[in-house]
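K.L.:
sequence below, structure please.
(one chain, ligands or ions: 1)
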Amino acid sequence: MGIFETIESTKHEQIIFCNNADAGLKAIIAIHNTVLGPALGGLRMWPYASEQEALDDVLRLSRGMTYKAAVSGLNLGGGKAVIIGDPRKDKSEALFRAFGRFIDSLHGRYITAEDVGIDVNDMEFLFQETNNVVGVHQVHGGSGDPSPYTAYGTLQGIKAALQWKFGDQEVGKYSFAVQGAGHVGIQLIKLLREAGSKVFVTDFNADSVAEAVELGAEAVGLDDIYDVDADVFSPCALGAIVNEETIPRFKFKVVAGAANNQLATEAAGDQLAARDILYAPDYAVNAGGLMNVSIEFEGWNRERALRMSRTIYYNLSKIFAIAERDNIPSYKAADRMAEERIEVIGKLKLPHMGQPHRFPGRERQNG
Ligand code: NAD
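P.N.:
Numbering: from 1, shown residues only. I've put the predicted structure just below:
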């Protein structure tokens, strides 16, 4: 498929290929949709096997950001950037400063943030070249690590799902199977345990499991997590774990967690609905991190970040209501809610806000 055919089929606005031979930079910025606001999405660095693989990834991820922002009620569009390279050996000051210049050249149409393969030092280099960066360190007035807010937001999504499914959102009454006790997972386990919930946990990393057990969680094997007799499955590790092999094993009534791309296929979402397992769409549940960085535009503070994360409860409730209204699975309802918002807001004819006009060649004389 040609590039323009690809853009047409994925409905992207703009794709920018960035090259700087001196710095060894090869990067792609994809701006999917800016109807609601500037395109915001993280920068990923990855040793892609081919340019096509990098392009596919940035197109998929930037589209996902449009939906996440729209469903979360944010005035942001969707974008994403990838640098082709190995984050363990190809990083340099020149690389990130060169890329920062490219971001700056877009005059705020695209705002970047940290993603896989990027750390706080890389962000500092970008920040030297452009202001259009969020998630910068708190010493610069940024919001720092988003994980606690993602976990807190995930808890709000879980509450909405419990309310919808059981008519009672008291988290402590339910049991949870949490897959992954990393940055987000461990914070979520802490919140669940504070509420008095029974928690089962699994993780590749023995230290992470030990930390969760310390909080009162019960450890189970990596593959056993799918068979646990718990009310809620909370994926907080990788994607595609809800699939045709795992679903038949579920005794869970609800799937609600922070991991991205939990459904291996759309059919997996249909299968969950057919088994009457309530799926809380991942990109609506895990939007706390995005909300957290979005606050940097107005000046970040913790209270505001928590308050915004609580809106996830209402977003999820709306998604479940749309699913019921239109008799569709919840994953489709989330997409529909995002698309409806982009359409309605995009068509709004807003009054002109007024701004100082400049008339070249005319000058007013004082007095
Ligand atoms: P992380 O890397 O800190 O934690 C992931 C954990 O999962 C690690 O401890 C890892 O050992 C474990 N893991 C990996 N594969 C596993 C497997 N097969 N079984 C069990 N455990 C496994 O990542 P994170 O920042 O906590 O993010 C977790 C998920 O949430 C990811 O899918 C991420 O994309 C998503 N997410 C994170 C944020 C955020 O603010 N960090 C925001 C939105 C979405």
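K.L.:
after whichever strand or helix holds Q271, which helix or strand is next?
P.N.:
Using DSSP states H and E, Q271 falls within helix 266-274. Per DSSP H and E, helix 266-274 leads on to strand 278-279 as the next helix or strand towards the C-terminus.
K.L.:
which other helices and strands contact the helix holding Q271?
P.N.:
strand 278-279, helix 330-347 (3 or more Cβ pairs under 8 Å, 6 or more residues apart in numbering; DSSP states H and E). Every C-beta, even on glycine, is put in place using the N, C-alpha and C of the backbone.
K.L.:
in that helix, what's buried?
P.N.:
Within helix 266-274, the residues scored as buried using 16 or more other Cβ atoms under 10 Å are 268-269, 271-273.
K.L.:
ranking the helices and strands packed on helix 266-274 by burial, who's on top?
P.N.:
strand 278-279 (a mean of 24; mean count of other Cβ atoms under 10 Å).
K.L.:
list the helices and strands it packs on?
P.N.:
Checking 3+ Cβ pairs under 8 Å, 6+ apart, strand 278-279 ends up next to helix 147-166, strand 254-255, helix 266-274, helix 330-347.
K.L.:
now it: mean pLDDT?
P.N.:
For strand 278-279, mean pLDDT is 98.
K.L.:
picking that back up, need the helices and strands packed on strand 278-279 in TSV (columns: distance to V228 and mean pLDDT).
P.N.:
TSV is the format used below for the helices and strands packed on strand 278-279 (distance: least, Cβ to Cβ, whole Å; pLDDT from 0 to 100):
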stretch	distance to V228	mean pLDDT
helix 147-166	16	97
strand 254-255	13	98
helix 266-274	17	98
helix 330-347	22	96
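K.L.:
out of these, which comes closest to the ligand?
P.N.:
Relative to the ligand, the nearest member of the helices and strands packed on strand 278-279 by Cβ to the nearest ligand atom is helix 147-166, separated by 3.5 Å.
K.L.:
ok, the residue sitting nearest the centre point of the chain to V71 distance?
P.N.:
For the chain, A287 is the residue whose C-alpha lies nearest the centre (Cα atoms, centre = their mean; 5.2 Å). From A287 across to V71, the span is 7 Å (Cβ to Cβ, to the nearest Å).
K.L.:
now for these two: what residues contact both?
P.N.:
N315 (Cβ atoms under 8 Å, 6 or more residues apart in numbering).
K.L.:
ranges for the strands of this protein?
P.N.:
14-20, 25-33, 39-46, 77-84, 110-114, 175-179, 198-202, 218-219, 232-235, 254-255, 278-279 (DSSP state E).
K.L.:
can you pull the contacts of I103?
P.N.:
Taking Cβ under 8 Å, 6+ apart as the test, what I103 contacts is 29, 81, 110, 112, 126, 129-130, 132-133.
K.L.:
could you flag which of those are buried?
P.N.:
Going by neighbour count (16+ other Cβ under 10 Å), the contacts of I103 have 29, 81, 110, 112, 126, 129-130, 132-133 buried.
K.L.:
just send those back as JSON lines, with pLDDT too.
P.N.:
Below are the buried ones among the contacts of I103 laid out as JSON lines (pLDDT from 0 to 100):
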{"residue": "I29", "pLDDT": "98"}
{"residue": "A81", "pLDDT": "98"}
{"residue": "Y110", "pLDDT": "98"}
{"residue": "T112", "pLDDT": "97"}
{"residue": "L126", "pLDDT": "96"}
{"residue": "E129", "pLDDT": "97"}
{"residue": "T130", "pLDDT": "96"}
{"residue": "N132", "pLDDT": "96"}
{"residue": "V133", "pLDDT": "94"}
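K.L.:
chain neighbours aside, what residue packs nearest to whichever residue of the chain sits closest to the ligand?
P.N.:
Closest approach between the chain and the ligand, counting by Cβ to the nearest ligand atom: G182, at 1.7 Å. Excluding the flanking residues, the one nearest G182 by Cβ to Cβ, 6 or more residues apart in numbering is S208, at 6.3 Å.
K.L.:
so V242 versus K165, what's the distance?
P.N.:
From V242 over to K165 (counting by Cβ to Cβ), the distance is 16 Å.
K.L.:
and these two? Which one has more around it.
P.N.:
V242 (28 against 20; other Cβ atoms under 10 Å).
K.L.:
before we move on, the earlier item: can I get the helices and strands packed on helix 266-274 in TSV including distance to the ligand?
P.N.:
Below are those laid out as TSV (distance: least, Cβ to the nearest ligand atom, whole Å):
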stretch	distance to the ligand
strand 278-279	16
helix 330-347	15
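K.L.:
what parts of the stretch 251-367 of the chain come near the ligand?
P.N.:
258-260, 286, 289 (Cβ under 6 Å from any ligand atom).
K.L.:
so what's the residue nearest to the residue nearest to the centre of the chain when sequence neighbours are not counted scoring on pLDDT?
P.N.:
Excluding its sequence neighbours, the residue lying closest to A287 (Cβ to Cβ, 6+ apart) is S72, at 4.2 Å. You'll see S72 listed with a pLDDT of 98.
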